[in-house]
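Undergrad: no sequence on hand, only this structure:
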Ligand code: SD4
């Protein structure tokens, strides 16, 4: 591989995440360490309402976190519905490296994290709790998320390192005011994230239920396997997602992808999605093409 290391990450907070990950790549680290470091950066950002410590709670006031990670050897790890732990992505990586399992959820995941000395956090943050209390007063029923506003900050990252090894990570607090126990696409290998070193990797953001329905990230990778560019593969996956839904009102989803040549691309249902790209010479935000306007 001669293309040089590269990182891409969803949304504008992908930029500081990439910068955190880049330090690993620069020091000769692996793409796995880079995506973990990037995800950790966002997980500790108190201003992000959809990831880590700043995340929005479920309808009962619990912030439950989902994350997964995957490397070039198809090793993968995942946590779902994990409460009170600062870095779900690192727990997912630990599960991947130190257990025969892929996925731990809920109390079991929390117990595992505590037993292995992972830092705890108190959630929701006081200001997030206030918002939730206000919401609770206003309405009892689950509402559709206001996309690009309330539910848009999940971070998905993909990196290729000096030797061409691809890894990906994804971490989120999920859909604000979700039903307790709800998992989205983000902790599900093949939906929120998929990597196959024969082809490349992809991550998803947006309404997880819709992404799961088409095994989103896996679909992107399989389309690249058929020879599609990262952008074309993301586009065809978005088109498939649209075909499976009768009502697309507010249903924002987006995919970004990288292939083994280091080519990258993305595509979203609606306008307004961007991703951050970091290379030796670039550190920028890219607006993706989209299927339709709001
Ligand atoms: C979820 N996909 O839990 C996540 C949310 C998300 O940008 O991506 N927001 O459904």
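TA: Ah, there it is. If you're wondering where the values come from, they're calculated on a predicted model, not measured in any experiment.
Undergrad: in stretch 90-104, what's buried?
TA: 90, 91, 92, 93, 94, 95, 96, 102, 103, 104 (16 or more other Cβ atoms under 10 Å). For glycine as for every other residue, the C-beta is placed from the backbone atoms N, C-alpha and C.
Undergrad: contacting residues around the second one?
TA: What it means is residue 91. Residue 91 sits next to 67, 79, 82, 85, 104, 109, 112, 113, 116, 118 when contact means Cβ atoms under 8 Å, 6 or more residues apart in numbering.
Undergrad: I'd assumed residue 188 was in contact with the first one.
TA: No - using Cβ atoms under 8 Å as the test, residue 67 is too far from residue 188 to be in contact (10.9 Å).
Undergrad: on that earlier part again, closest to residue 267 among the buried residues of stretch 90-104?
TA: Set against residue 267, the nearest of those by Cβ to Cβ is residue 92 (26.0 Å).
Undergrad: now residue 262: phi and psi?
TA: phi 90, psi 10 (degrees, to the nearest 10).
Undergrad: which residues in the stretch 151-294 of the chain form strands?
TA: Here the stretch 151-294 of the chain has its strands, by DSSP state E, counting those that start in this stretch, at 155-160, 166-172, 193-196, 200-206, 253-259, 264-270, 274-278, 283-287, 290-292.
Undergrad: give me the pLDDT value at whichever residue of the stretch 51-200 of the chain sits closest to the ligand.
TA: Using Cβ to the nearest ligand atom, residue 184 is the residue of the stretch 51-200 of the chain that sits closest to the ligand, at 2.5 Å. With respect to pLDDT, residue 184 scores 97.
Undergrad: now it. Nearest residue, chain neighbours left out?
TA: With Cβ to Cβ, 6 or more residues apart in numbering as the criterion, residue 184 has its nearest non-adjacent residue at 2.5 Å, and that residue is residue 208.
Undergrad: how close does that neighbour get to residue 80?
TA: Applying Cβ to Cβ, to the nearest Å, the value for residue 208 to residue 80 is 11 Å.
Undergrad: okay, and the common contacts of those two?
TA: Taking Cβ under 8 Å, 6+ apart as the criterion, residue 208 and residue 80 both touch residue 183.
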